[in-house]
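Undergrad: Turn this into a structure:
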Amino acid sequence: MPAMVEEVRAAAEAGAAGPHFLVVTYPAQGHINPARHLARRLLRATGARVTISTAASAFRKMFPGDEEGAAAGECHRDAAGVWYVPYSDGYDAGFDRAVHDHTHYMSQVRVVGSRTLGAVLERLRAAGRPVTLVVYTLLLSWVADVARGHGVPAALYWIQPATVLAAYLHFFRGTDGVDRAIAAAGGDPMATVRVPGLPPLRIRDLPSFIANTSEDDPYAFVADMFRELVDMLGREDSPSVLTNTFDAMEPEAVASLREHGVDIVPVGPVLSFLDEAPGAGCVSVAKNGGNDLFKQDGTGYLEWLDAQAPGSVVYISFGSLSMMSKRQIEEVARGMAASGRPFLWVLREDNRSSEGAGDAASLGGERGMVVEWCDQVRVLSHPAVGCFVTHCGWNSTLESVACGVPTVGVPQWTDQGTNAWLVERLGAGVRAAVSDKDGVLEADELRRCLDFATSEMVRAKAAVWREKAHASAAEGGSSERNLRAFVGKQLGGGN
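TA: Okay, the predicted model is just below:
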C-alpha cells in the first residue's frame, strides 16, 4: 500500500503530526493476538506510529522484567516496531477467576480504565505523539466515550465472525421477531431459526450468550455488554466496524450488516504471517512468537514435528481459556491412543493438574507429545500437521483456514458454535458430537471425526480456502483494499 505510506511521509515533511493509531484491547490472549496482528498490519500498511494499550497485568506478562515501566505507564516497543503502553483496570496484579467476581471486574475496568486510558491519551499528546484514531476490541465499548471525550475518533475492531455480530444485532433489535423465535425454541440445540439475511442456523450455531440465557450464569453480564454495543452502533450514523474476516468467507453476514446500517469493513484474516514477504512461510519468530501471556514450552516440539511424516500429526488445543475436565482429558487420550495417529497436545498446567488429571495424558501412548503452550501458527504451518482438534476460537479458526489445516471442532461457548458452523459450511472440517450429559467429546467420536477431517475431500476443501484467505489479505486482495479505503478516510484522503 505505497500510497498511504507516501501520505504519511508527506504529512511529516510538512511538519504536521503524523497519524498515530492506538489499539486498545482486553487483557486476554484471545483479544491481544488479533489486536497485535492488526497493529502490525497498520504499521506495514501506513508507516505510521501504532501503539497497543492493554491492562497492566497483561503488559507485565508480555514484557517480564519491565515492572517499573508497567507501574509508570511507560511505552515499550516490540521487535516488529509496535509500541505498547499499559492502562490500569483496577486489577494490576491480575484477575483470578477462581477468586474474583467477573461482574465487579467489568464495572471496575470501566471506571478505572476510563480514567487511566484518558491519562494515556493525555501523555501521548503531551509527548508530541497525539493519537489520531483509537481502535478498540470487544467488551470495551467505554473506550469510544473516552476517545471522543479527548477529541479523538474511535472505531470498533470486531474480533469474532461477522455472522456473530449480525446475530447479536438482529437479536437485540428484535429484527423480524428473531429474539422471540430463539426464545420459543426453548433451548433445543437442533431447532432451526432464521436470522435476517443469514442461512438457516440451529440454536447450537448461535452465540451462547443469546442461545442459552440463564440467570445463574456467571457470564450473563456479557450479553448485556453486547446489547450495549449494539445500542451504541444504533446511535451512530453508518458506524464503521473493522472485522477480522474476509468477503468470501461470510458474504451473507456482511451484506446483512450493511443493509441494517453497519459499515462493516472486512480486513481479515488479520494474521501477521500473511503480511510477510512471499516465500517467508508462517514461521517468523519476530512477528509471531514472543510477548504472549503464556510461556512457550521448551521441550522441542518443533524438532519432534520435523521427525514426523507429512500430514500425519493431529494437533490438539482448546485455547487459552477453555477448561478440560478429567473425563475429557481421559477421552481425548483414549481416542488418540486407539487412533494410532501421532499427536501434539497443548494441555495447559491449570488443565493438567485439575481434578487429579495430571497423568491422564500418558494414556495417549508413545505416539504423542504433550506441551503446556506453543507457537500455534508455526505448528499449523508445519508440513507434518494434518488435522487440528480445536475449541473453535475465532483466532484458531482463522489460523487453521489460512494454513489449510482441516479441523475437528469442539465448541464450548461464546462464538465457538458459530465458528464451527462456518467451518462446516466451508467444507474444511467437521463439528464433533459431544455427550448430552456433560458435553464431553468421547473417544469413539473423536476417532470418527479424525477419519472424516483427514479425508481427501476435506483436505482439498481446506487447501482451496487457504488460497482464498491468502488472496484476500495479499496486496490488491479484498481485505487489503478494504483496509486501504478505511485508512485513507482516517488520513483525510477519502476512498
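
Undergrad: For the chain, name the helix or strand with the lowest mean pLDDT.
TA: helix 285-288 (a mean of 39; mean pLDDT, DSSP states H and E).

Undergrad: could I have the helix or strand hosting V401 exported to CSV, CA atoms only?
TA: Following DSSP states H and E, one finds V401 within helix 394-403. Taking C-alpha atoms only, helix 394-403 is exported to CSV below (Å, rounded to 0.1, in the frame of the first residue of the first chain):
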residue,chain,number,x,y,z
TRP,A,394,-12.0,-17.4,16.1
ASN,A,395,-8.2,-16.8,16.2
SER,A,396,-7.6,-20.6,16.0
THR,A,397,-10.3,-20.9,13.3
LEU,A,398,-8.7,-18.3,11.1
GLU,A,399,-5.3,-19.7,11.6
SER,A,400,-6.4,-23.2,10.6
VAL,A,401,-8.1,-21.8,7.5
ALA,A,402,-5.1,-19.7,6.5
CYS,A,403,-2.8,-22.6,6.9
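
Undergrad: what helices or strands is the next helix or strand after it leaning on?
TA: Downstream of helix 394-403, the next assigned helix or strand under DSSP H and E is strand 407-409. Contacts defined by 3 or more C-beta pairs under 8 Å, 6 or more residues apart in numbering; DSSP states H and E place strand 407-409 against strand 385-390, helix 416-426, strand 429-431, helix 443-453. Heads up, the C-betas are built off the backbone N, CA and C, glycines and all.

Undergrad: Mind listing residues that contact strand 407-409?
TA: Outside strand 407-409, the residues that touch it by C-beta atoms under 8 Å, 6 or more residues apart in numbering are 387-392, 397, 400, 416, 419-420, 423-424, 428-432, 446, 449-450, 453.

Undergrad: For stretch 340-348, which outside residues touch it?
TA: 294, 301, 304-305, 308, 312-318, 320, 324, 329, 332, 336, 361, 364, 367-374, 376, 379, 385, 450.

Undergrad: could you redo the helices and strands packed on strand 407-409 as JSON lines and give each row mean pLDDT and mean neighbour count?
TA: Listed next are the helices and strands packed on strand 407-409 as JSON lines, based on pLDDT from 0 to 100; neighbours: other C-beta atoms under 10 Å:
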{"stretch": "strand 385-390", "mean pLDDT": "98", "mean neighbour count": "26"}
{"stretch": "helix 416-426", "mean pLDDT": "98", "mean neighbour count": "23"}
{"stretch": "strand 429-431", "mean pLDDT": "98", "mean neighbour count": "24"}
{"stretch": "helix 443-453", "mean pLDDT": "98", "mean neighbour count": "19"}
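
Undergrad: Not counting sequence-adjacent ones, nearest residue to A433?
TA: E445 (5.5 Å; C-beta to C-beta, 6 or more residues apart in numbering).

Undergrad: I'd say the one you found and A432 touch.
TA: Yes: if you go by C-beta atoms under 8 Å, E445 and A432 touch, sitting 5.6 Å apart.

Undergrad: and V464, what element?
TA: Per DSSP H and E: helix 456-473 holds V464.

Undergrad: where's the nearest residue to T390 once chain neighbours are set aside relative to Y136, distance?
TA: Of all residues not flanking T390 in the chain, S396 sits nearest, at 4.9 Å (C-beta to C-beta, 6+ apart). Separation of S396 from Y136 (C-beta to C-beta, to the nearest Å): 22 Å.

Undergrad: Tally up the residues packed near H37, please.
TA: By other C-beta atoms under 10 Å, 24 other residues sit near H37.

Undergrad: Hmm, it is touching S272, no?
TA: Yes: contact criterion C-beta under 8 Å: H37 and S272 qualify, at 5.0 Å.

Undergrad: any chance you could map the strands in the stretch 151-300 of the chain?
TA: 154-158, 192-193, 201-202, 240-243, 263-266 (DSSP state E, counting those that start in this stretch).

Undergrad: So which of these has the densest surroundings on average?
TA: strand 154-158 (a mean of 23; mean count of other C-beta atoms under 10 Å).

Undergrad: Give the partner strands of that one in its sheet and their orientations.
TA: Sheet pairing of strand 154-158 (DSSP bridges) gives strand 133-136 (parallel), strand 240-243 (parallel).

Undergrad: Pull the first one out as PDB, backbone CA atoms only.
TA: Just to be clear, that refers to strand 133-136. Output of strand 133-136 as PDB, limited to C-alpha atoms (Å, rounded to 0.1, in the frame of the first residue of the first chain):
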ATOM      1  CA  LEU A 133      -7.600   7.200  15.800                       C
ATOM      2  CA  VAL A 134      -8.500   4.800  18.700                       C
ATOM      3  CA  VAL A 135      -9.400   1.300  17.700                       C
ATOM      4  CA  TYR A 136     -10.900  -0.900  20.400                       C
END
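
Undergrad: just checking, what packs against the helix or strand just after it?
TA: Once strand 133-136 ends, the next helix or strand along the chain (criterion: DSSP H and E) is helix 142-149. Judged by 3+ C-beta pairs under 8 Å, 6+ apart, helix 142-149 is in contact with helix 102-126, strand 133-136, strand 154-158.
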